Structures are given as structure tokens and as C-alpha cells.
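Novice: from the sequence below, what's the structure:
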Amino acid sequence: MRFEALLPENYGPELCRLIARVRPELDAYLVTDRSVEEIAGS
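Specialist: So this is what the prediction gives:
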């Protein structure tokens, strides 16, 4: 994954994905004002 290619609004969701890869036993909660559909599509 090239982080330079990420838009700033995708930093949070991508960070949650990376955490899940490294530490799958942790639960990550993303608090945002974006809709679930927007995040799922990114």
C-alpha cells in the first residue's frame, strides 16, 4: 500500500485495516461524520 496515494479522508479507515492486520485481536472503533456507505466504499 502506498500511503502517498491515500486521500486524507481515507486515513482513518486505512489505519483500522492496518491495525486489524497487525493485531487482529484488537477492536478498532472509527468515529467519524462520514456515512457507513462512504467508508465501506473506500
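
Novice: going by C-alpha atoms from here, please, whenever you check contacts or count neighbours.
Specialist: OK.

Novice: pull out the buried positions in the helix ranked longest in the chain.
Specialist: Criterion DSSP state H: the longest helix present in the chain is helix 11-22. Buried positions in helix 11-22, judged by neighbour count with 16 or more other C-alpha atoms under 10 Å: 13, 14.

Novice: what's the separation between residue 32 and residue 2?
Specialist: The gap separating residue 32 from residue 2 is 23 Å, by C-alpha to C-alpha, to the nearest Å.

Novice: which residue of the two possesses the greater neighbour count?
Specialist: When residue 32 and residue 2 are compared for neighbours, residue 32 comes out ahead with 11 against 5, by other C-alpha atoms under 10 Å.

Novice: which residues touch the more buried one?
Specialist: By C-alpha atoms under 8 Å, 6 or more residues apart in numbering, no residues touch residue 32.

Novice: three-state assignment of it?
Specialist: Three-state secondary structure (criterion: DSSP: H, G, I helix; E, B strand; the rest coil) places residue 32 in coil.

Novice: and the longest helix of the chain, how far from the chain's centre?
Specialist: Centre-to-centre, helix 11-22 and its host chain are 5 Å apart (C-alpha atoms, centre = their mean, to the nearest Å).

Novice: C-terminal to it, what's the next element?
Specialist: Per DSSP states H and E, the first helix or strand lying C-terminal to helix 11-22 is helix 36-40.
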